[in-house]
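Visitor: Whatever this is, show me its structure:
(chains A and B)
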2 protein chains.
Amino acid sequence: MRAWRNALRTSGRALLGGLFFGLFLIGGPAEAAEPKRKVILDDDIGGLMGSPVPLLQAPDVELLGITITSGSTWRDVSVAHALRVVEIAGRTDIPVVPGAIFPLVNSEELTRRWEGVYGKLVYKGAWMNEEWPEGTIQSQPQYHAYNVVPSLKEGNPTTKPSPEIAANFLIRKVREFPGQITIIATGPMTNIALAQSLDPTFAENVKELVYMGGSLNPHQKLPSLSAEQFAREYVNSPRREFNIRWDPEAAKIMAHAPWRKVTMVPVDPSTGTELTRAFLDSLGKVDTPLAKMIVKTAEAGFPMWDEIAAAVWLDPSIISKSVDLYVDFETSFTSSYGDTLSWTADYRPGLGERPQNVVQEVDRAKLEALLHKLYAAPLRH
Amino acid sequence: MRAWRNALRTSGRALLGGLFFGLFLIGGPAEAAEPKRKVILDDDIGGLMGSPVPLLQAPDVELLGITITSGSTWRDVSVAHALRVVEIAGRTDIPVVPGAIFPLVNSEELTRRWEGVYGKLVYKGAWMNEEWPEGTIQSQPQYHAYNVVPSLKEGNPTTKPSPEIAANFLIRKVREFPGQITIIATGPMTNIALAQSLDPTFAENVKELVYMGGSLNPHQKLPSLSAEQFAREYVNSPRREFNIRWDPEAAKIMAHAPWRKVTMVPVDPSTGTELTRAFLDSLGKVDTPLAKMIVKTAEAGFPMWDEIAAAVWLDPSIISKSVDLYVDFETSFTSSYGDTLSWTADYRPGLGERPQNVVQEVDRAKLEALLHKLYAAPLRH
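Guide: Numbers count the residues shown, from 1 in each chain, chains lettered A, B, ... in the order given. A predicted model of the protein is given here:
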């Protein structure tokens, strides 16, 4: 897959270069001549960590906008976080576009009834109205109504979100730049599903979808207490992952849409990663408002779920193991509601599920080096 | 769990000893005075390998009978295999008792419809009417009608099965020796479920249930091509295992029954085991009809699924890693039909699922040494 992707990119450069058409298989113009890679981030942002900063800071990237969904927090809290991120990064030119507050079918009340039959979910994001049954050393989401926005650790935003609806923004941008935009989705799939349902040509005009979601067979790889506690989410339910479980029907719509290329970043590679105190300390001497705010507000101990999604798109060589599988998601309201389904080609049912490149492992050193470089870089404004 | 079991056993000895009552916590009579451990094997026997021979050959074990279910092969083929095993081992005093031919609810036709929606099952036992889609180096089950018994590699039996129905035999024996019989179940749970449904006091009067079934998060551990091919069954469906998938409703009845103690041997520990050609060759010089027939008919390459269940009961020190979990099985007719559900105490729904000691890893060298000793031992007749 990676060789194929590199060939395509090389080809793209040469076609744009024009003069070098006959040479397109052996090279292209210098990096400086390359157009920036267009991307939209769809996310349930919870602070400065995750996928936004790497995409804001990467010099060869044009972040067209950040669309927001509920998930780990309610949409409007994420909107506030996203506005703060672009403010701190000095990039208030980038629109923050509010999307879905609620999943398509799932609900908080339904989730509690489900738990009564199938057992407690380990993580419920914005619906986490109780302490973790077995305790946790990480802070957990604040529980409040969907239209409440508590004060943010990183300060409250002074800028305003876009008046557009996220799904409409996604459709509009993809129509404006057909085949040129990557969508990186690191929250539930509600906005993506709405865009595809509104415009059936949406997915086929997206260059590539990279998403953090789903779970195959994760195993605890790091020895920390945090890693042990995060393993609770997958040890007894290896196919369950929060982004998908929040809105399984949206995930199914995403999985059946005719994307040109899909990269799945499930829980699996994240078990080999962790935001450490040492990593944050190493940013302590960097004199940018962004690095200072990261050091001030970031909480060590979390796996780098969303960072991986951004990073493997920025530099695919971070992927050390991946597999091509057909992927779908269970939407029956049973024990497996929201579970990841996967098949090799010979075993799939052939009901519209599509091939995805599933990231299984990443090179942690490379990942951290890339993130460190982007967190520590001068602001791009 | 093991310390607790040893304490109980010590206590049992002393109570039987009578005179030593006051000393029961610090010792008991010599091993020779111990009564043999009573066990019934419930199995879908496919030849000489698996759980029967270790139980037939262990000197401290009284095998009260072998009850038969369909599964990997149809019931009557398994009955024939079981009769041959006891004939070759010189133990035709042990009754072979035919049980269920069909699962309680599941069926071959239903399975094909399920595959149309959820994708092909890797293994279907007696319903395996096609080649493995991706090929296999291991031989696969013969496909034929339920009432056909093809000739056996190990020769056809001359003895006859018991006229009793397996579930009735199980109930009768457990009533005769309440609290004294272990049941080792290494096929689908149909007979066990029928016994419990017929007699609600059945499970509580069984000393212990040890079963091979279910799957948590198995990973390929051995480098062989066989191991790689067997991994197909769990890589994309880590919670699916054939014994349970053949009759999910029976498995649910088993999981909810009030056993005194349950040991689950899922797929997980089997991935660290494999019947090798070298192991079989090492039996080549043993001059018993049993060892000779094993060498002649056994096929190398299979994980030691059922052998583990027998062995961990014979010698619990073979278990190198286990965990206590609440276990149930999914019976909704969805992608997860027959999947294993498990929870720690704090997360379980509390709807009748019960704690089981789940074997996660076994000591392969100890396992092979025990099996070799029993396969090579003089016959007990």
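Visitor: Please make it C-alpha for all contacts and neighbour counts, starting now.
Guide: Will do.
Visitor: ok, A:Asn147 to B:Gly116 distance?
Guide: 44 Å (Cα to Cα, to the nearest Å).
Visitor: Pick out whichever of the two has more residues nearby.
Guide: B:Gly116 (14 against 11; other Cα atoms under 10 Å in any protein chain shown).
Visitor: so the more buried one sits in a strand?
Guide: No - under DSSP: H, G, I helix; E, B strand; the rest coil, B:Gly116 sits outside any strand and is assigned helix.
Visitor: pLDDT at the residue lying closest to it once chain neighbours are set aside, what is it?
Guide: Nearest residue to B:Gly116, sequence neighbours excluded (Cα to Cα, 6 or more residues apart in numbering or on different chains): A:Pro349, at 5.7 Å. pLDDT recorded at A:Pro349 is 98.
Visitor: secondary structure class for A:Pro349?
Guide: Under three-state DSSP, A:Pro349 comes out as coil.
Visitor: what sits against it?
Guide: B:Glu115, B:Gly116, B:Val117, B:Tyr118, B:Gly119, B:Lys120 (Cα atoms under 8 Å, 6 or more residues apart in numbering or on different chains).
Visitor: Please render those residues as a markdown table that adds pLDDT to the earlier fields.
Guide: Shown next, in a markdown table, are those (pLDDT from 0 to 100):
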| residue | pLDDT |
| --- | --- |
| B:Glu115 | 97 |
| B:Gly116 | 97 |
| B:Val117 | 98 |
| B:Tyr118 | 98 |
| B:Gly119 | 97 |
| B:Lys120 | 96 |
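Visitor: Out of these, which end up buried?
Guide: Among the contacts of A:Pro349, those classed as buried by 16 or more other Cα atoms under 10 Å in any protein chain shown are B:Glu115, B:Tyr118, B:Gly119, B:Lys120.
Visitor: Pick out whichever of these sits closest to A:Thr73.
Guide: B:Tyr118 (32.8 Å; Cα to Cα).
Visitor: doesn't A:Arg348 make contact with that closest one?
Guide: Yes - B:Tyr118 is within contact range of A:Arg348, at 7.3 Å (criterion: Cα atoms under 8 Å).
Visitor: Next, A:Leu209: secondary structure please.
Guide: strand.
Visitor: Quick check, pLDDT for it.
Guide: For A:Leu209, the predicted pLDDT is 98.
Visitor: ok, the closest residue to A:Ala166 other than its chain neighbours - contacts?
Guide: Nearest residue to A:Ala166, sequence neighbours excluded (Cα to Cα, 6+ apart): A:Gly99, at 4.4 Å. Contacts were defined as Cα under 8 Å, 6+ apart; by that measure A:Gly99 touches A:Thr67, A:Ile68, A:Thr69, A:Arg75, A:Ile165, A:Ala166, A:Ala167, A:Asn191.
Visitor: and which of the contacts of A:Pro349 is nearest to chain A?
Guide: Nearest to chain A out of the contacts of A:Pro349 is B:Gly119 (Cα to the nearest Cα; 4.0 Å).
Visitor: can you pull the contacts of that closest one?
Guide: Here B:Gly119 is in contact with A:Trp343, A:Tyr347, A:Arg348, A:Pro349, A:Gly350 (Cα under 8 Å, 6+ apart).
Visitor: Now that we have those residues, which of them are buried?
Guide: Looks like the contacts of B:Gly119 have A:Trp343, A:Tyr347, A:Arg348, A:Pro349 buried, using 16+ other Cα under 10 Å.
Visitor: Between these, which sits nearest B:Glu130?
Guide: When the buried ones among the contacts of B:Gly119 are compared against B:Glu130 (criterion: Cα to Cα), the nearest one is A:Tyr347, at 12.8 Å.
Visitor: Quick check: chain neighbours aside, which residue is closest to that closest one?
Guide: B:Lys120 is the one closest to A:Tyr347 (Cα to Cα, 6+ apart), at 4.9 Å.
Visitor: again with A:Leu216
Guide: A:Arg239 is the one closest to A:Leu216 (Cα to Cα, 6+ apart), at 5.3 Å.
Visitor: what about the one you found, neighbour count?
Guide: Neighbour number of A:Arg239 under other Cα under 10 Å is 29.
Visitor: you'd agree it is up against A:Gly213?
Guide: No - shown here, A:Arg239 and A:Gly213 do not form a contact pair, counting by Cα under 8 Å, at 10.4 Å.
Visitor: distance between the ends of stretch A:177-196?
Guide: 16 Å.
Visitor: Equivalent analysis for stretch A:181-201, please.
Guide: 14 Å.
Visitor: tell me which residues in it are buried?
Guide: A:181-197, A:201.
Visitor: Just the residues you listed: which are in strands?
Guide: Among the buried residues of stretch A:181-201, the residues falling in strands (DSSP state E) are A:Ile181, A:Thr182, A:Ile183, A:Ile184, A:Ala185.
Visitor: can you put those residues in CSV and add distance to A:Ala298 and pLDDT?
Guide: Below are those laid out as CSV (distance: Cα to Cα, whole Å; pLDDT from 0 to 100):
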residue, distance to A:Ala298, pLDDT
A:Ile181, 30, 98
A:Thr182, 27, 98
A:Ile183, 25, 98
A:Ile184, 22, 98
A:Ala185, 21, 98
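Visitor: Show me which of the residues you listed is closest to chain B.
Guide: For these, the residue nearest chain B by Cα to the nearest Cα is A:Ala185; the value is 23.2 Å.
Visitor: Please name the bridge partners of that closest one.
Guide: A:Asp42, A:Tyr211 (DSSP bridges).
Visitor: do A:Val96 as well
Guide: With DSSP bridges as the rule, A:Val96 is bridged to A:Ile66.
Visitor: residues making contact with the helix or strand hosting A:Tyr234?
Guide: Assigned by DSSP states H and E, A:Tyr234 belongs to helix A:232-235. Among residues not part of helix A:232-235, those counted as contacts by Cα under 8 Å, 6+ apart are A:Leu121, A:Val122, A:Tyr123, A:Ser215, A:Asn217, A:Pro218, A:His219, A:Arg240, A:Glu241, B:Leu216, B:Asn217.
Visitor: right, and the helix or strand after the strand ranked longest in chain A?
Guide: In chain A, taking DSSP E as the definition, the longest strand is strand A:319-329. Sequence-wise, the next helix or strand downstream of strand A:319-329 (DSSP H and E) is strand A:340-343.
Visitor: where does chain A come near chain B, residue by residue?
Guide: A:115-122, A:133-134, A:216-217, A:235-238, A:330, A:332, A:334-336, A:341-343, A:346-351 (Cα under 8 Å from any Cα of the partner chain).
Visitor: Quick check: mean pLDDT of the helix holding A:Tyr234?
Guide: pLDDT averaged over helix A:232-235 gives 94.
Visitor: Kindly format the C-alpha coordinates of it as CSV.
Guide: C-alpha atoms of helix A:232-235 as CSV (Å, rounded to 0.1, in the frame of the first residue of the first chain):
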residue,chain,number,x,y,z
ARG,A,232,-9.9,-2.5,30.6
GLU,A,233,-11.6,-1.2,27.6
TYR,A,234,-10.4,-3.9,25.3
VAL,A,235,-9.4,-7.0,27.4
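Visitor: Run a quick neighbour tally on A:Tyr123.
Guide: Using other Cα under 10 Å: A:Tyr123 sits among 19 other residues.
Visitor: can you tell me which residues contact it?
Guide: A:Glu233, A:Phe242.
Visitor: gap between it and chain B?
Guide: 11 Å (Cα to the nearest Cα, to the nearest Å).
Visitor: How about the secondary structure of that residue?
Guide: Secondary structure state of A:Tyr123, per three-state DSSP, is coil.
Visitor: For chain B, give me its nearest residue in the stretch 251-381 of chain A.
Guide: For the stretch 251-381 of chain A, Cα to the nearest Cα, closest residue to chain B: A:Pro349, 4.0 Å.
Visitor: hmm, back to that, and the residue nearest to A:Tyr347, which of the three is it?
Guide: Quick answer, by three-state DSSP: B:Lys120 is coil.
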